[in-house]
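Q: generate a structure from the sequence data that follows.
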Amino acid sequence: MLLTKHTATGLFFVYLPQAFEKIKSGSISNYSPELEEQIGAYYIISAKYLEEQINWENGATEQDEVFWFNTPQIELPNNLIGNYNVKTLYRQTEAKRKQELTRIINSLEGRNRIRMALYRKQMIIYSMKQRKEFAKKLMLLIKQSL
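A: Residues are numbered from 1 along each chain as shown. Next up is the predicted model:
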């Protein structure tokens, strides 16, 4: 079993490539239709579902970035502009920036965006846990077939 970290999310994927390749190549001939179905479900269905969830998260995060960082009420901090060597002067005071950010966070849209971001993360974590349990059951089925 290989445990591989997904670079964008920091989450882990569980892979069983050696077993899958052996079955695909026909070097294991005593596998059941149930095992074949489970391997297909793991590598095709659950992998695609997780990929779709991660794409959903990435798209929503990009939309959130526009909301949080392109708001006309707050000047962006220098470290978010991208050029760390150039320090620009603020027209807003730090107190005013904090006040505006607090107002946005407390707005209905701001709170809903935070809630949805947390929900998306929880859904991916849940899916990863489900996928890990699926992999454990699949490994047991493979061992029983050998």
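Q: for the rest of this, base every contact and every neighbour count on C-alpha atoms.
A: Fine.
Q: count the residues that sit near Gln92.
A: Gln92 is flanked by 12 other residues according to other CA atoms under 10 Å.
Q: run through the residues that contact the residue nearest to it when sequence neighbours are not counted.
A: Excluding the flanking residues, the one nearest Gln92 by CA to CA, 6 or more residues apart in numbering is Glu75, at 6.9 Å. Glu75 sits next to Tyr90, Arg91, Gln92, Arg97 when contact means CA atoms under 8 Å, 6 or more residues apart in numbering.
Q: from these, which land in helices?
A: Judged by DSSP state H, the contacts of Glu75 include Arg97 as members of helices.
Q: buried by neighbour count, from the contacts of Glu75: which ones?
A: Neighbour-count burial (16 or more other CA atoms under 10 Å) is assigned, among these, to Arg97.
Q: could you pull out the helices for the chain?
A: Under DSSP H, the chain gives helices at 17-25, 33-40, 47-69, 78-81, 94-106, 108-145.
Q: got those as TSV, with mean pLDDT columns?
A: As requested, the helices of the chain are exported to TSV (pLDDT from 0 to 100):
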stretch	mean pLDDT
helix 17-25	58
helix 33-40	75
helix 47-69	87
helix 78-81	59
helix 94-106	89
helix 108-145	89
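Q: sorry, back to before: adding distance to Trp56, write the contacts of Glu75 out as CSV.
A: Listed next are those as CSV, based on distance: CA to CA, whole Å:
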residue, distance to Trp56
Tyr90, 35
Arg91, 36
Gln92, 35
Arg97, 31
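Q: min pLDDT across the contacts of Glu75, which one?
A: Lowest pLDDT among the contacts of Glu75: Tyr90, with 71.
Q: who's in contact with it?
A: For Tyr90, the contact set (CA under 8 Å, 6+ apart) comprises Glu75.
Q: next one: it from Trp68, what distance?
A: Tyr90 is 18 Å from Trp68, where distance means CA to CA, to the nearest Å.
Q: tell me, how many residues neighbour Trp68?
A: With other CA under 10 Å as criterion, Trp68 counts 16.
Q: same check on Leu118?
A: Residue neighbour count, defined by other CA under 10 Å, stands at 11 for Leu118.
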